[in-house]
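Visitor: sequence first, predicted model second:
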Amino acid sequence: MLLNECIKSGLDATYPVFGDDALVVEALAFMQKGGFECAPLLHDGKISAMVTLMDLLLLLEQSKKTKGVRLSELNLEKAESIGLDEHLFDIFSRIGTFSASHIPVWDEEGKYIGVIEKVILLERIAALFHLGEEAVTLELDVPSFDLKLSEVIAALEKNDATVLSFGIYPAPPESESMVITFRLQTHDLFRLVKNLEKYGYAIRYTSPFFKEKDDDMREKALEFIHFMDM
């Protein structure tokens, strides 16, 4: 998913910015009054740095001679930013480099066009992988030397499960296997798990079979399942 497809409703083009000729005292007063913890610093319409309220407060504490000092005179690190033509997955690998709550965004020509909240990007990724309550999680431990993902997915679909997303990661080194984590939609997770075990798949983890709040009902259901297994 390209960034310009996922932030149409999340891009804030009205978020305050500063030119590099802005005075420190004015920027500090503006951010304190508006409750902004950060704001992009622009030079010729392009992102040059990210000004944070903490930076300005520390400067004020360390030196009382801030009158007449401009933001361009501060030793601010170059801001991490993202482009509209980037992919959401590529951005996610850099999400830890964005220290501020808002991330500057630039267009195809490198010009600043607004900011997006970091939490919005995380929400988009969570939605893309169906990490909400509408799906269940299933992890299988499979041999790495003979992994045929199409066969695993076919087994799930054969049991009326819909694969929404999945990921693969190596199991602990001593096991010499791979772990496949699925996000699924299924009407009977217990039946699905039991059938997969019959096929020889090793179940590493599954979402809880029951979500009833009534403990008595849960215990009765577990007793029934145990009886069916016998």
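Guide: It's in. Residues are numbered from 1 along each chain as shown.

Visitor: quick one, phi psi at F145?
Guide: Main-chain dihedrals, F145, degrees, to the nearest 10: phi -80, psi -20.

Visitor: how about the strands in the protein?
Guide: For the chain, the strands defined by DSSP state E cover 18-19, 38-43, 46-52, 82-83, 102-106, 112-117, 136-143, 162-170, 177-185, 202-206.

Visitor: looking at the ones you listed, which one is packed in the most?
Guide: Of all those, strand 102-106 carries the top mean neighbour count, a mean of 23, counting by mean count of other CB atoms under 10 Å. C-betas here are computed from N, CA, C, even on glycine.

Visitor: which residue, neighbours along the chain excluded, lies closest to the residue nearest to the spatial centre of the chain?
Guide: Residue closest to the mean C-alpha point of the chain, counted by CA atoms, centre = their mean, is L122 at 2.9 Å. In this structure, L122 finds its nearest non-sequential neighbour in I95, 7.4 Å apart by CB to CB, 6 or more residues apart in numbering.

Visitor: let's have the strands of the chain in JSON lines, adding mean pLDDT and distance to E26.
Guide: Converted to JSON lines, the strands of the chain look like this (pLDDT from 0 to 100; distance: least, CB to CB, whole Å):
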{"stretch": "strand 18-19", "mean pLDDT": "95", "distance to E26": "9"}
{"stretch": "strand 38-43", "mean pLDDT": "94", "distance to E26": "12"}
{"stretch": "strand 46-52", "mean pLDDT": "92", "distance to E26": "12"}
{"stretch": "strand 82-83", "mean pLDDT": "90", "distance to E26": "28"}
{"stretch": "strand 102-106", "mean pLDDT": "92", "distance to E26": "20"}
{"stretch": "strand 112-117", "mean pLDDT": "93", "distance to E26": "20"}
{"stretch": "strand 136-143", "mean pLDDT": "93", "distance to E26": "51"}
{"stretch": "strand 162-170", "mean pLDDT": "93", "distance to E26": "48"}
{"stretch": "strand 177-185", "mean pLDDT": "94", "distance to E26": "49"}
{"stretch": "strand 202-206", "mean pLDDT": "93", "distance to E26": "55"}
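
Visitor: quick check: bridge partners of T206?
Guide: L138 (DSSP bridges).

Visitor: let me have the strands of the chain in a markdown table, extended by distance to A155.
Guide: Formatted as a markdown table, the strands of the chain follow (distance: least, CB to CB, whole Å):
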| stretch | distance to A155 |
| --- | --- |
| strand 18-19 | 57 |
| strand 38-43 | 49 |
| strand 46-52 | 49 |
| strand 82-83 | 39 |
| strand 102-106 | 41 |
| strand 112-117 | 40 |
| strand 136-143 | 10 |
| strand 162-170 | 11 |
| strand 177-185 | 11 |
| strand 202-206 | 12 |
